[in-house]
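Visitor: Here is my input; please provide its structure:
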Amino acid sequence: MNSLIETAVIEIKQLADVEPQQASKKFELMASTMTDDVLVEVIEQMDIVTLTQINSHHDISCPSIMSELMTPEQIRDIVCQQPLYWEEKVKNNADELIQHTFDFLTYLIRIQDSEAKQAAILECIAEDQAGLFYLSIPFIEYLLAPKLATEHQSHITDNFDDEDDGETVGYTDRSEEEETHSLSIDDPRSLLALIREIAPEVEKSIKNLLRSENSSWVAIIESFVNELVLQAKEKNEETDEYSEVDDMFSFLD
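Guide: Just a heads-up that it's a prediction; the model follows:
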C-alpha cells in the first residue's frame, strides 16, 4: 500500500469512529484530488464497519462517490451490517423502519451509473438471506398488508399512482416502468418497479420470501432479526458484541 492510500485510510477510519458524517465529507473532498483507481484502493482497505458507518451517515439526498465506486459485494455487506447500527427511533417504529430501508436502498442503488451495476447489486444482496429480508422491508405494506389485499391484489401494478408526486432530491432518472405508471422516485412502489425491470428474479425472490412467511410484517421483521443474529455470530468470533441484537426491536415484544 503506498503512503498516500495508507494515510487516506487512516484519516477516514479515525474520523469515522467519532464523526461518521464528517468522514463521508472527507472522502468526498479526497475524491476531488484522487483518481477513481486510487479511491477504489482506499475503499478496499477499509473494513466493513467503517464503510457501514460512513454510508449510514451520508446525506442520502445527495450522490455519493463512495457508493458509486463500491463493489456489489461491499454494498451487500453494508446492507447486512447496517441494522446493527440503527437508531432507536428506527428500530422501534414500523413506519420509520420501512422509510429508512427504502431511503437507504434508494441511495445505494440509484446512484449507480448503469442499470447493469444496479442489477448486479440487487442480485448480490438477494443472494444473502439477511440481504433479501432487507430488500423486502419497504414492500411489506404493499404486498402483504391485509387492508390492501382486497383493494390492490397481490401484484404491485395494481398499486400504481396515476400522477407524479415529485422526486427525491439527487435522483432524477426513472425506469421505463416507472415512467409508464407515473411513479415518483420517493414512492416505494417506484423502487419495486425498477427492480422488476432490471432484476426480475430479485422481485420474484422478494415476493416469494414475503409470501412464504405468510404472516404479519412484525413476524417478518422478527425473522430478519433472527437471521442477523445468526450471521453476526457466524462471522465474528467475539459474539458478546452482538448479544443485544436479539433485543434490537423492542416493539416486537
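Visitor: Next, count neighbours for the closest residue to residue 52 other than its chain neighbours.
Guide: Closest residue to residue 52 apart from its sequence neighbours, by Cβ to Cβ, 6 or more residues apart in numbering: residue 81 at 4.5 Å. Glycine gets a C-beta too; all of them are placed from N, C-alpha and C. Residue 81 has 21 neighbours, counted by other Cβ atoms under 10 Å.
Visitor: With residue 208 instead?
Guide: By other Cβ under 10 Å, the residues close to residue 208 number 12.
Visitor: Would you mind measuring from it to residue 107?
Guide: Applying Cβ to Cβ, to the nearest Å, the value for residue 208 to residue 107 is 26 Å.
Visitor: Check residue 17 too.
Guide: 22 Å.
Visitor: And for residue 86?
Guide: Computed with Cβ to Cβ, the distance linking residue 86 and residue 107 is 15 Å.
Visitor: what's the answer for residue 45, then?
Guide: Taking Cβ to Cβ, one finds residue 45 at 23 Å from residue 107.
Visitor: Give me the domain ranges for this protein.
Guide: For the chain, automatic domain parsing gives the domain ranges 1-70, 95-246.
Visitor: where among the ones you listed is the average confidence lowest?
Guide: Of all the domains of the chain, mean pLDDT reaches its minimum on domain 95-246 (a mean of 72).
Visitor: For the residue nearest to residue 83 when sequence neighbours are not counted, pull up the helix or strand it's in.
Guide: Distance criterion Cβ to Cβ, 6+ apart; nearest residue to residue 83, sequence neighbours excluded, is residue 228 at 5.8 Å. Assessed by DSSP states H and E, residue 228 sits inside helix 217-235.
Visitor: ok, and the residue most central in space within the chain, which helix or strand is that part of?
Guide: By Cα atoms, centre = their mean, the chain has its centre lying nearest to residue 105, at 3.4 Å. Assigned by DSSP H and E, residue 105 belongs to helix 94-110.
Visitor: Would you indicate which residues of that helix are buried?
Guide: Across helix 94-110, burial judged by 16 or more other Cβ atoms under 10 Å covers 97-110.
Visitor: possible to save those residues as TSV with distance to residue 142?
Guide: Supplementary listing: the buried residues of helix 94-110 in TSV, determined by distance: Cβ to Cβ, whole Å:
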residue	distance to residue 142
97	15
98	10
99	13
100	16
101	13
102	11
103	16
104	18
105	14
106	15
107	20
108	20
109	18
110	19
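Visitor: wait, which of the residues you listed is closest to residue 138?
Guide: Nearest to residue 138, judged by Cβ to Cβ, of the buried residues of helix 94-110 is residue 102 at 3.8 Å.
Visitor: Any figure for the gap between that closest one and residue 113?
Guide: When residue 102 is compared with residue 113 (using Cβ to Cβ), they lie 21 Å apart.
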